[in-house]
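Chemist: Next come a sequence and a model predicted from it.
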Amino acid sequence: MLPPQQLAQPDRQAAANSLSEAELAESSETISRIAEAFSDRVVGQRRLGESLLVGLICGGHVLLESVPGLAKTTAAETIAAAVDGSFNRIQCTPDLLPSDIIGSQIYDARDGEFRTQLGPVHANIVLLDEINRSSAKTQSAMLESMQERQTTIGGVEYPLPKPFMVIATQNPIEQEGTYVLAEAQLDRFMLKDVLDYPTPAEEAEVLRRIDEGRFASEPKPVATLDDVQRLQELVKRVYIDPAITEYIVSITYVTRHIEQYLPPELARLLEVGVSPRAAIALSAGARALALIEGSAQVLPEHVRSIAPRVLRHRLVLSYEAAATGVTADHYVDAVLGAIRTP
């Protein structure tokens, strides 16, 4: 059993400030347009589209893991185009420097002064392709951008555009010349999604659309950046009951005291549980999922659906776990099974 907790009283003010039917209809219409634009360009990958929408609505960053060729770049470009946002792609390599990402000062010999050239991170949506190929120094250069929403060049702070989202990819099957992301860097990503191969029917649909020339034209905007910022304001008012909040806190608590809830042979393979940042991401992600589904209230199903994507990259497993084939998803399933659903 979890330690006794004082259940909060229902927040009547939060309930009274919840979304109206008109606001819910407004958000649903905007989300529907973006989702349709995504499905027009990306075949299948429904969960990927959902994860990117959650990140966009919450202002969070998304880490994608898959083998090459599963439409990660296309997905990022499509989301950026759908909301009429600026998009930059950064191909990470071992010799990539921090200044190649955030920008630098360049000496102008004509007037004898330095001028600032902003780097590609200054865009609404930034794709860091194969982030684990960049060095630790370059990876750390993204920390300020992702957390503080600004860069510092020559002692001057430059705010990033709003909204701002980083989508990073990594290839799990190729480890030569790669640098494992540090826990501090991983914790900056709100979600981590693991992509799988398309079904035969989806792969056939990709070929059919190529033959029809459906991918030849540039995607057109179906929403604006103001629409995205409006969604980011509305999602904060999706009602979350105190019982759901306790459920979220219970999930994070169990990961930190796993030996009390799982068999010893499984518990010993988990070295570190999740930080409070995971609880924040669970709450925000569940709210976003509720909004995407047209609900003004978070349900337990929303928490359970977003939990693997929030927790899998924050759990630190031992080397023995990797050797025996135990993954973070095994622990997420076990933790959710150990807690009573409200």
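Modeler: Good, I have the coordinates.

Chemist: which ones are touching Ile125?
Modeler: By CB atoms under 8 Å, 6 or more residues apart in numbering, the contact list for Ile125 reads Ala76, Ile79, Ala80, Gly85, Ser86, Phe87, Asn88, Phe164, Met165, Ile167. From N, CA and C alone the C-beta is placed, and that goes for glycine too.

Chemist: do the same with Ile131
Modeler: Counting by CB under 8 Å, 6+ apart, Ile131 makes contact with Leu63, Cys92, Gln139, Ala168, Thr169, Gln170, Leu181.

Chemist: Check Val254 too.
Modeler: By CB under 8 Å, 6+ apart, the residues touching Val254 are Leu2, Gln260, Tyr261, Gly273, Val335, Ala338, Ile339.

Chemist: which parts of the host helix or strand of it are buried?
Modeler: Using DSSP states H and E, Val254 falls within helix 242-256. With burial defined by 16 or more other CB atoms under 10 Å, the residues of helix 242-256 counted as buried are Ile244, Thr245, Glu246, Tyr247, Ile248, Val249, Ser250, Ile251, Thr252, Tyr253, Val254, Thr255.

Chemist: which residue sits closest to the last one, ignoring its sequence neighbours?
Modeler: Leaving out its chain neighbours, the residue that sits closest to Thr255 by CB to CB, 6 or more residues apart in numbering is Gly273, at 3.5 Å.

Chemist: my read: that neighbour touches Thr252, true?
Modeler: Yes - distance between Gly273 and Thr252: 7.1 Å, which falls inside the contact criterion (CB atoms under 8 Å).

Chemist: quick revisit: who's in contact with the residue nearest to Thr255?
Modeler: Residues in contact with Gly273 (CB under 8 Å, 6+ apart) are Thr252, Val254, Thr255, Arg256, His257, Ile258, Leu315.

Chemist: how close does it get to Val335?
Modeler: From Gly273 across to Val335, the span is 9 Å (CB to CB, to the nearest Å).

Chemist: if we can go back for a sec, of the contacts of Gly273, just say which sits nearest to Gln117.
Modeler: Leu315 (39.6 Å; CB to CB).

Chemist: pLDDT at the closest one, what is it?
Modeler: Note on Leu315: pLDDT of 90.

Chemist: would you list the buried residues of helix 242-256 in a markdown table and tack on distance to Leu24?
Modeler: Putting those into a markdown table (distance: CB to CB, whole Å) gives the following:
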| residue | distance to Leu24 |
| --- | --- |
| Ile244 | 18 |
| Thr245 | 21 |
| Glu246 | 25 |
| Tyr247 | 23 |
| Ile248 | 22 |
| Val249 | 27 |
| Ser250 | 28 |
| Ile251 | 27 |
| Thr252 | 29 |
| Tyr253 | 32 |
| Val254 | 33 |
| Thr255 | 33 |
